[in-house]
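S.K.: Model the structure of this input:
(4 chains)
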There are 2 protein chains.
Amino acid sequence: MGTSRVGEFELLVLLAALRLGPAEAYAVPIVEDIEVRTGRSVRRANVYTTLQRLENKGLISTWMGEPRAERGGKARRLVTVNPPGVDAVKEAAAEIRAMWGGLETIIGDIA
Amino acid sequence: MGTSRVGEFELLVLLAALRLGPAEAYAVPIVEDIEVRTGRSVRRANVYTTLQRLENKGLISTWMGEPRAERGGKARRLVTVNPPGVDAVKEAAAEIRAMWGGLETIIGDIA
DNA sequence: TGATTAAGATCACAATGTGATCTTAATGTG
DNA sequence: CACATTAAGATCACATTGTGATCTTAATCA
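M.R.: The predicted structure follows:
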């Protein structure tokens, strides 16, 4: 069995979770990270769906944090990326880089 | 109307078509390009399906080439990437780069 | 007690990915 | 000439992933 392949949005969620780290990665900041960086609009619901699917594949683990003494301070579902999840990210990166090779001159400034 | 968003495999097909150029881009070498670069195995049928979907979205145009005087020299369906297709590729690139920002230190060597 | 806030969850449907299977049109060969 | 071989195209069904609508829950505030 090779590494799991992840879809486009699944990859974005994995990357956001890695950046935020286990103490800060839960749906709300994941949404924000993706929105701010990519400029696209993301629904929380989509992140939950995706988190469930990633967890089913064993690429992440989640658990409920402690409730906080703030208005609306409901327990958060926190996320860590498991080693197979990191592998999937690395593989996606390798694929993307391989496919981009030599295209800069064809497409021009890809920024 | 923003730029069309493309899926993961759609992006690979667009990139292969750009690399090959209008004279050489048809299903067989597209399959080969993706296989060689990414190491994954690709069915021709999947490329046809994807080409149809990309054409429906106006991201590529296709037309039948001339038959060739070789064994099995059937006419090829040749592909060019239209300007909106190039835009979609650029946008995908920008998104990927934005999401990768700062992760090198977290993930380590992503090669 | 009711309002407000932050967060979690489910569902259905749309879009995309993938394998199985088949057809077509060209040349080669006994 | 009939059949084999080869390169290529095409369709279909089903699996996986993406997305919006809608709802619930648990906390504090007024």
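S.K.: Could you use CA atoms for every contact and neighbour count after this?
M.R.: Noted.
S.K.: How about the longest helix along chain A and chain B, touching?
M.R.: For chain A, the helix with the greatest residue count under DSSP state H is helix A:83-100. Yes - where contact is defined by CA under 8 Å from any CA of the partner chain, part of helix A:83-100 touches chain B, namely A:86, A:90, A:93-95, A:98-100.
S.K.: can you map out the strands along chain A?
M.R.: With strands called from DSSP state E, chain A shows them at A:60-64, A:77-81.
S.K.: avg pLDDT for the first one?
M.R.: Pointing back at strand A:60-64 there. In this model, strand A:60-64 has an average pLDDT of 98.
S.K.: and the residue nearest the centre of chain A, what does it touch?
M.R.: For chain A, the residue sitting closest to the mean C-alpha position, by CA atoms, centre = their mean, is residue A:13 at 1.7 Å. By CA atoms under 8 Å, 6 or more residues apart in numbering or on different chains, the contact list for residue A:13 reads A:30, A:34, A:47, A:50-51.
S.K.: Chain A against DNA strand C: which residues are in contact?
M.R.: Residues of chain A found near DNA strand C, taking CA under 7 Å from any atom of the strand as the criterion, are A:5, A:7, A:26-28, A:44-46, A:48-49, A:71-78.
S.K.: check whether the helix or strand bottoming out on mean pLDDT in chain A contacts chain B.
M.R.: Every helix and strand in chain A was compared by mean pLDDT, DSSP states H and E; the lowest is helix A:104-107, with a mean of 82. Yes - contact between helix A:104-107 and chain B is present through A:106-107 (criterion: CA under 8 Å from any CA).
S.K.: what comes up buried for that helix?
M.R.: Using 16 or more other CA atoms under 10 Å in any protein chain shown as the burial criterion, none of the residues of helix A:104-107 qualify.
S.K.: Likewise for stretch A:4-23?
M.R.: A:4, A:6, A:10-21.
S.K.: Next: stretch A:81-95.
M.R.: By neighbour count with 16+ other CA under 10 Å, stretch A:81-95 contains the buried residues A:81, A:85-95.
S.K.: so which of those residues are also by DNA strand D?
M.R.: Among those, none lies close to DNA strand D by the criterion of CA under 7 Å from any atom of the strand.
S.K.: out of everything not next to it in sequence, what's closest to residue A:103?
M.R.: The spatially closest residue to residue A:103, leaving aside those adjacent along the chain, is residue B:19, at 6.4 Å (CA to CA, 6 or more residues apart in numbering or on different chains).
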